[in-house]
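Engineer: test case, fold it:
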Amino acid sequence: MLLLKGNGEIYGRTGNNLQSFLNALYYARDNNVQLGIMADSWVFDMLQQMWWVSIDKEDKWKEKFETAFCVKIFINPHEVEGYNLSLSKFENNWAFTKELFFYQQEISKSLYDYMAFQSIYLQTLFRNYNNGQGTTIKGDPVQDMCSGIDAVFGRKSNAAIYSVIHQRSLEHYGEHLLKSVAKQAGCHPSAALHMEPNYVKSILQPLGMLKYPVVLITDGQDLSVVMRLMNDPEIDLHLVPKNASWIGGDITLAIMSSVFIGNPASTFSTFIVKSRLALGLGHSYLFRAMNKDNEWYTVCGDTCVYEIHNCRFWNGVGHCSKPF
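Structural biologist: Residues are numbered from 1 along each chain as shown. Here you go, the predicted structure:
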C-alpha cells in the first residue's frame, strides 16, 4: 500500500500538492498497490478546503470518496498495521510528496492514457465542489467555491463572459523555471511572468474579448503588473475583492472563464488548464512566443501542459527525460 499521511512541511504549494495527489493515484495504478490516506493527512487538509464536503445531507462522503477514487481512508494509525508500505524509504513528508510530484510513469507509455486518467479524477473533484455548507473532517467550516465569481459579477455570474489572467512571479525562481519550460516548449522565456498589456491583448483582441471584463488573479508579489494592466485603456481590468480572494475561489474563477491566460511554469496555472481540458473548455493560453515580425503566436497545443510538466526541475535548472 502507498500511504499518504502526516502534515507539517510538504513539497510546494497548492498546485504542487494537487499534482502529488493525482500522481499518487497514478502510481497506485501503475504499480498495482492500494492507495491509502490517513484522515488527518495533508491530503484532506488540502482537498476539503475546496471539494468533497458539501456532497449530501447524509454525511457519507468517506464511503463515496473511497469508491470514487479507489482509495482506502484510515482514521486510526493502527488500522494500517500489517500492510507493506510502498515508498517507505522517505522519512519525512517533504521528500515523500516531492517524490510523488516528480513521479514519472514507467508502465503506461501513452500520454493520452495519462491525460485521460487525470481527467477522470479532475471531473470527479469538480462534481463535488464545496458550496459553503458543512465542515471539514477536522471541523473547520468551508467556503463556497463560487465566491470569487459571485464577488466580481454578482447576480450575473452565471451568464458572465470574461477572461482571467493568472500572474505568478514564482518568487526568486520564476525566471529560471520559466526559462527551463521555454527550452522544452519553445515559448517566450519571460512574457508569462510580466503579463505586459500587449502580450495580453495579442490573445484577447483576435477573440473579440477586449470588450468584456478581464479578471486578474495573482500572488501579489509584483504590483507593477497590476498597474500596467489597469492603466491600459483597452483592458477592462477587475480585481477580486480581498474578502473573496482565496485559492478555491480563484481556481473556479479561472476555470469558468471564457479565456484563461497563465504562466506555464506555475503548477497552479497548469492545474487550471488541465481542469479546463477535463471539463471540455478551450481557449487556455500558456505557451506563447514571438516571431521575427514581433507577432505573438501559440507554440504547442493542449497536450503540452502534460508533456512539459512530466519533466523534472531542480533548483530552477530543468532537464527533461521524456517517458512517453
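
Engineer: what is the least confident helix or strand in this structure?
Structural biologist: strand 312-314 (a mean of 37; mean pLDDT, DSSP states H and E).

Engineer: mind checking how far the most far-flung residue of the chain relative to its centre is from residue 90?
Structural biologist: The outermost residue of the chain relative to its centre, with distances by Cα atoms, centre = their mean, is residue 82 at 34.8 Å. Here residue 82 is placed at a distance of 20 Å from residue 90 (Cβ to Cβ, to the nearest Å). Any C-beta I mention is one placed from the backbone N, CA and C, and that applies to glycine too.

Engineer: swap in residue 267?
Structural biologist: 20 Å.

Engineer: of these two, which one has the most company?
Structural biologist: Shown here are residue 267 and residue 90; by other Cβ atoms under 10 Å, residue 267 has more neighbours (23 against 13).

Engineer: need the contact list for that one.
Structural biologist: Counting by Cβ atoms under 8 Å, 6 or more residues apart in numbering, residue 267 touches 12-13, 15-16, 18-19, 309.

Engineer: quick check, pLDDT for it.
Structural biologist: With respect to pLDDT, residue 267 scores 91.

Engineer: any idea how far it is from residue 234?
Structural biologist: From residue 267 over to residue 234 the distance is 31 Å, taken as Cβ to Cβ.

Engineer: spit out the contact partners of the residue nearest the centre of the chain.
Structural biologist: Nearest to the geometric centre of the chain sits residue 271, at 2.4 Å (Cα atoms, centre = their mean). With contact taken as Cβ under 8 Å, 6+ apart, residue 271 is in contact with 14-15, 18-19, 251.

Engineer: for residue 116, give me the backbone phi and psi.
Structural biologist: Main-chain dihedrals, residue 116, degrees, to the nearest 10: phi -60, psi -40.

Engineer: can you give me the strands in the chain?
Structural biologist: 2-4, 35-38, 71-74, 163-167, 214-218, 237-239, 259-261, 284-285, 288-290, 296-298, 312-314, 317-319 (DSSP state E).

Engineer: using TSV, lay out those strands together with mean neighbour count and distance to residue 179.
Structural biologist: TSV is the format used below for these (neighbours: other Cβ atoms under 10 Å; distance: least, Cβ to Cβ, whole Å):
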stretch	mean neighbour count	distance to residue 179
strand 2-4	22	32
strand 35-38	22	35
strand 71-74	18	37
strand 163-167	26	17
strand 214-218	23	21
strand 237-239	16	27
strand 259-261	24	19
strand 284-285	24	19
strand 288-290	17	13
strand 296-298	14	18
strand 312-314	13	11
strand 317-319	14	8
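
Engineer: which stretches of the stretch 101-250 of the chain aren't confidently modelled?
Structural biologist: For the stretch 101-250 of the chain, applying pLDDT under 70 flags the ranges 105-109, 170-174, 221.
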